[in-house]
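Trainee: Quick check, what structure comes out for this input:
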Amino acid sequence: MRSGYERLAGLDEALARVQQLSVQTAIFDVEPLIAHWDSGQEALDQGVAQALTKADAVPGLKVVCFSTNSLRRPLVMPTTQVRAVYLSAAGKPLRISQYLER
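Mentor: Here you go, the predicted model:
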């Protein structure tokens with residue numbers, strides 16, 4: 001099943017779309033939405049905290065997953081009502097064509 005792709009301007013716009021769709025789980029690409037590629041630990045920690053604070057205000061949102069191909073991780077995952085998952089070394093984009101039956 002193919003799904004559409006929407007290019008959104010930033011975190012606020014992405015969270016507004018999450019609310020419109022009434023989804024319970026959102027997956028955010030860390031770079032550059034949460035922290036830029038060449039940024040340090042402080043930028044990553046602040047970006048994750050800011051995203052979770054804003055996500056907490058989205059009705060119905062239960063889980064936020066942060067996904068990145070890099071190995072870096074936040075030092076502390078802030079405690080919020082929304083469950084936070086952080087996936088480093090994600091290997092995006094997932095390519096499944098080699099596993100499909102022909």
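Trainee: Distance from the helix-or-strand element of the chain with minimal mean pLDDT to the middle of the chain?
Mentor: Ranked by mean pLDDT, DSSP states H and E, the weakest helix or strand in the chain is helix 30-33, scoring a mean of 91. Relative to the mean C-alpha coordinate of its chain, helix 30-33 is positioned 8 Å out (C-alpha atoms, centre = their mean, to the nearest Å).
Trainee: And the contacts of the helix or strand just after that helix?
Mentor: Of the helices and strands lying after helix 30-33 in sequence (DSSP states H and E), the nearest is helix 41-56. Contacts to helix 41-56, defined as C-beta atoms under 8 Å, 6 or more residues apart in numbering, come from residues 11-12, 15, 18, 26, 28, 30, 33-36, 61, 64, 66, 72, 74-78, 80-82, 84, 86. Every C-beta, even on glycine, is put in place using the N, C-alpha and C of the backbone.
Trainee: 10 Å instead?
Mentor: With C-beta atoms under 10 Å, 6 or more residues apart in numbering as the test, helix 41-56 has contacts from 11-12, 14-15, 18, 26, 28, 30-36, 39, 61-64, 66, 68, 70, 72-84, 86.
Trainee: So, low pLDDT: which residues of the chain?
Mentor: By pLDDT under 70, the weakly predicted segments of the chain are 1-3, 94-102.
Trainee: show me where it has strands.
Mentor: Secondary structure of the chain (DSSP state E): strands at 25-29, 63-67, 83-87.
Trainee: and those as JSON lines, adding mean neighbour count and distance to residue 52?
Mentor: Shown next, in JSON lines, are the strands of the chain (neighbours: other C-beta atoms under 10 Å; distance: least, C-beta to C-beta, whole Å):
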{"stretch": "strand 25-29", "mean neighbour count": "16", "distance to residue 52": "10"}
{"stretch": "strand 63-67", "mean neighbour count": "19", "distance to residue 52": "6"}
{"stretch": "strand 83-87", "mean neighbour count": "15", "distance to residue 52": "6"}
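Trainee: Reformat those as JSON lines; add distance to residue 6.
Mentor: Formatted as JSON lines, the strands of the chain follow (distance: least, C-beta to C-beta, whole Å):
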{"stretch": "strand 25-29", "distance to residue 6": "13"}
{"stretch": "strand 63-67", "distance to residue 6": "17"}
{"stretch": "strand 83-87", "distance to residue 6": "21"}
